[in-house]
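**Student:** Build the 3D model from these lines:
(2 chains)
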Amino acid sequence: MRLHRLLLTVCLLNVPAWGSDSVVIPGGDFQPPVLLDREIQTTEVEAFLLDAAPVSKTAFAEFVTTHPEWRRSAAPRLFRDGGYLRNWTSDLDPGVEQEAQGTPVTHVSWYAARAFCHSRGGHLPSMTQWEYVVSLLREKNQVPDDEYARWVFGWYGAQRPVDFVDRALGIKGMLGLVNEWIEDYQLLLSNGEQIDFGGGSCGDTARLMVKYDNAHYASFLRYQSRSNYTPVTTTSNLGFRCAYPLEGAL
Amino acid sequence: MITVRSVARMTGGVLLAMFIAGCSQTPTNHLKDGEFMIDGKIFGLAEAEVFTEDYAGPPVVGDYVTALPFLKPLDYKGNKTHEVRIDTFSQMVEVAPGVSFNAWTYGGTVPGPTLHVREGDRVIFTMKNRSDEEVVVTDPVKGMGPFYSQLQGNLYQKNRPSTSPMPHSMDFHSGTVAADDKWRTIAPGETIRFEWVANYPGVYMYHCGTPSVLMHTAMGQYGAVVVSPKNGFPTDDKVDHEFVIVQSEYYLEKAGDTYIYNHQAAMARDPSHVTFNGHVSALIDSPLRVKEGDRVRLYVLNAGPSDTSSFHVIGAILDRVWYEGNVENEWRGMQTVLLGASNSAVMEFIVPEAGLYKLVDHEFADAERGAAGTMIATPRDR
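**Tutor:** All right, here's what the predicted structure looks like:
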């Protein structure tokens, strides 16, 4: 099984996918840093395709051109908050002339991000897929744990950009460029007899941690922070990228 | 719904409260639909509302909301309903000479504003998560309350706007509510509104309860609420000065030209700075000014997030101490008051003679990291 997946991966490297350039994420085992199910400490992840970079403003402008229901003036408030595509100069113009091509789109809701990915034949990556890629980036680029933790805390605390180039998979962003929507972004944690949708109560984290080192706390901060978004939330640092089933690319 | 039984119970409670207060209070704080009263205290408040609004006004609103170290005297009788807004947003703040960081704040300062109410008062609290906006707190605000005039009169944190979109929440220790409702987390752009009743007197911490709570509090999201006892303290008529002091730790490391939060240091309880009122020089560059013979009252809160404070005034003995700010918890002749994280005390002392007095955390590893302040006493009229 592993050999088959490896061969498949090698064959598919650099195969172009829909939309922006995508890369093959090889399958493998993932040890989640947060125990969402205390009985599952390892999850097997199938290979999949992932956008190499977050969706750009330019790409999103093309999307709203062909999908007028997602233009700022038309998208129902049920599916986005008041900040949706804030700072765009018009319904179709993100005003990126002065910015580098590929600037990630932000101020998009989860609904809008999903619609974009579906229009490309893909979907938002699952929490497991997205976090698995981060673990691969750290492993394959030999990022020291404390350095990774410093990146994450620096990004969330002060929006400090991360000076990191992935030389293994060709992935851009994911750490310290923009935050990214994922399909199942809310943590569903048991809290006594109730389900906590907020990602853990005040100070109530130790029971969910696999290890109590700096890197695990950093990852958990990401899990918790995005869990407190609502599907209509838009912010200046919240974008997304799409994932695609590998079979569909064959 | 209010049942006949609960009406009887609450009526009895109100009458009892009036009797205890010697009818000196004006009980304006009535039960609202669905609330109930036990031992004269109001519970069962309405659910919090979360909504979006196009609010871009002053991020701090309230007649009894002040900047440290000030406390607005309660110039009304009986109880009152306070409409208070404290928005949460990022701000570059200086905590020591040359050391600034992108703080997560309530109202633009670390610690946040101080709210003063009376036991039995009701607070209608509104907070917008404006962490995705650049909010300026240094420009004049039309009709601004005491907070802005005091802040702008002494910008010792050199406050500058910044953005750092994050989910946040507000947890008032002074409130008795279900935390999963009132203290719930809101996303950037959302506003939460809820009520709480000051059922118990004390000096209380408020803070962000969004995980990681350690990070959110260490990033600056905390402040003080003073709930004065409904019948006051026995020395109210003798007090010449009131000041609020909030002790807290920062865990910062240099990163390029600025400083960022160091989680490893926070977990190891190894602060880079320990401060009174958010800056190592807050009470040194602007010392507390009194006269010899004055009775000084300090409202001291240790916000932590993780360390203790052994509060001491060098050269004075704390004549009276009300632990946690509750008039029932009286101590006499204290040299030092030990405060755990989120503990507080009201402390009074008589200024012995003209001179310079240091206020310190007598855990000197903390004092050496900034937990020190100055009080200057001038001669009294003889």
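**Student:** Show me the residue at the heart of chain B, geometrically.
**Tutor:** B:Ala224 (0.9 Å; Cα atoms, centre = their mean).
**Student:** That residue contacts B:Val246, correct?
**Tutor:** Yes. B:Ala224 lies in contact with B:Val246 (Cβ atoms under 8 Å); the separation is 5.5 Å. Using the backbone N, CA and C atoms, a C-beta is placed for each residue, glycine as well.
**Student:** what does the helix or strand containing the residue nearest to the centre of chain B rub up against?
**Tutor:** B:Ala224 belongs to strand B:222-228 when assigned by DSSP states H and E. Taking contacts as Cβ atoms under 8 Å, 6 or more residues apart in numbering or on different chains, the residues outside strand B:222-228 that touch it are B:71, B:74, B:86, B:106-107, B:110-119, B:121, B:172-174, B:198, B:200-208, B:244, B:246, B:248, B:299, B:301, B:303, B:305, B:325, B:344.
**Student:** Each with direction, which strands does that strand pair with?
**Tutor:** strand B:114-118 (parallel), strand B:202-207 (antiparallel) (DSSP bridges).
**Student:** For the residue most central in space within chain A, name its beta-bridge partners.
**Tutor:** Geometric centre of chain A, nearest residue: A:Glu180, 3.8 Å, by Cα atoms, centre = their mean. Using DSSP bridges, the bridge partners assigned to A:Glu180 are A:Gly239.
**Student:** And the residue lying closest to B:Ala67 once chain neighbours are set aside, which helix or strand is it part of?
**Tutor:** Residue nearest to B:Ala67 in three dimensions, not counting chain neighbours: B:Gln150, with 3.8 Å by Cβ to Cβ, 6 or more residues apart in numbering or on different chains. Assigned by DSSP H and E, B:Gln150 falls within helix B:146-152.
**Student:** Mind giving me the packing neighbours of that helix?
**Tutor:** strand B:65-66 (3 or more Cβ pairs under 8 Å, 6 or more residues apart in numbering or on different chains; DSSP states H and E).
**Student:** got a list of contacts for the strand it packs on?
**Tutor:** Counting by Cβ under 8 Å, 6+ apart, B:Lys72, B:Val84, B:Ile86, B:Pro113, B:Thr114, B:Leu115, B:His116, B:Gly145, B:Pro146, B:Phe147, B:Gln150, B:Val244 sit against strand B:65-66.
**Student:** Where do the helices of the stretch 151-300 of chain B begin and end?
**Tutor:** B:179-182, B:213-218, B:263-267, B:282-285 (DSSP state H, counting those that start in this stretch).
**Student:** now those helices in JSON lines, with mean neighbour count?
**Tutor:** Shown next, in JSON lines, are the helices of the stretch 151-300 of chain B (neighbours: other Cβ atoms under 10 Å in any protein chain shown):
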{"stretch": "helix B:179-182", "mean neighbour count": "16"}
{"stretch": "helix B:213-218", "mean neighbour count": "25"}
{"stretch": "helix B:263-267", "mean neighbour count": "20"}
{"stretch": "helix B:282-285", "mean neighbour count": "18"}
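**Student:** can I get these in JSON lines with distance to A:Asp21?
**Tutor:** As requested, the helices of the stretch 151-300 of chain B are exported to JSON lines (distance: least, Cβ to Cβ, whole Å):
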{"stretch": "helix B:179-182", "distance to A:Asp21": "44"}
{"stretch": "helix B:213-218", "distance to A:Asp21": "35"}
{"stretch": "helix B:263-267", "distance to A:Asp21": "34"}
{"stretch": "helix B:282-285", "distance to A:Asp21": "52"}
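**Student:** what's the spacing between the residue in chain A that chain B sits nearest to and B:Leu359?
**Tutor:** Per Cβ to the nearest Cβ, A:Asn228 is where chain A lies closest to chain B, at 3.3 Å. Relative to B:Leu359, A:Asn228 is positioned 38 Å away (Cβ to Cβ, to the nearest Å).
**Student:** shaky segments in the chain?
**Tutor:** With no chain named, the answer covers chain A. Residue ranges of chain A with pLDDT under 70: A:1-20, A:97-101, A:189-203, A:248-250.
**Student:** could you do chain B instead?
**Tutor:** Scanning chain B with the threshold set as pLDDT under 70 gives B:1-29, B:143-144.
**Student:** got the residues of it near chain A?
**Tutor:** When proximity is defined as Cβ under 8 Å from any Cβ of the partner chain, chain B approaches chain A at B:52, B:54, B:101-102, B:104, B:132, B:163-167, B:171, B:179-180, B:183-190, B:209-215, B:219, B:255-256, B:258, B:260-264, B:267.
**Student:** If we use 7 Å, what do you get?
**Tutor:** Chain B comes close to chain A at residues B:52, B:54, B:101-102, B:132, B:163-167, B:171, B:184-185, B:187-189, B:209-213, B:215, B:219, B:255, B:258, B:260-261, B:263-264, as judged by Cβ under 7 Å from any Cβ of the partner chain.
**Student:** of these, buried ones?
**Tutor:** Buried subset of the residues of chain B next to chain A (neighbour count, 16 or more other Cβ atoms under 10 Å in any protein chain shown): B:52, B:101-102, B:132, B:163-167, B:171, B:184-185, B:187-189, B:209-213, B:215, B:219, B:255, B:260-261, B:263-264.
**Student:** Out of the residues you listed, which sit inside strands?
**Tutor:** Judged by DSSP state E, these include B:Thr52, B:Phe101, B:Asn102, B:Asp171, B:Ala255, B:Ile260, B:Tyr261 as members of strands.
**Student:** Please list only the buried members of the contacts of strand B:222-228.
**Tutor:** Using 16+ other Cβ under 10 Å, the buried ones in the contacts of strand B:222-228 are B:71, B:86, B:106-107, B:110-119, B:121, B:172-174, B:198, B:200-208, B:244, B:246, B:248, B:299, B:301, B:303, B:305, B:325, B:344.
**Student:** What residue in chain B comes nearest to chain A?
**Tutor:** At 3.3 Å from chain A, B:Pro167 is the closest residue in chain B, using Cβ to the nearest Cβ.
**Student:** Go ahead and confirm that residue touches B:Thr185.
**Tutor:** Yes. If you go by Cβ atoms under 7 Å, B:Pro167 and B:Thr185 touch, sitting 4.8 Å apart.
**Student:** Now for A:Tyr148, how many residues are close by?
**Tutor:** 21 (other Cβ atoms under 10 Å in any protein chain shown).
**Student:** swap that for B:Thr374, please
**Tutor:** 17.
**Student:** now swap in B:Gly153 and tell me
**Tutor:** Using other Cβ under 10 Å: B:Gly153 sits among 10 other residues.
**Student:** so the residue nearest to the centre of chain A touches A:Val55, yeah?
**Tutor:** No. Using Cβ under 7 Å, A:Glu180 is not in contact with A:Val55; the gap is 9.3 Å.
**Student:** Give the intersection of the neighbour lists for those two.
**Tutor:** A:Gly239, A:Phe240, A:Arg241 (Cβ atoms under 7 Å, 6 or more residues apart in numbering or on different chains).
**Student:** now the last one: how far from A:Trp88?
**Tutor:** For A:Arg241, the distance to A:Trp88 under the criterion Cβ to Cβ works out to 20 Å.
**Student:** what about these two, which has more around it?
**Tutor:** With neighbours defined as other Cβ under 10 Å, A:Arg241 and A:Trp88 compare such that A:Arg241 has more, 30 against 20.
**Student:** Which parts of chain A are strands?
**Tutor:** Under DSSP E, chain A gives strands at A:22-25, A:28-30, A:43-45, A:48-51, A:179-180, A:189-191, A:194-196, A:238-239, A:243-245.
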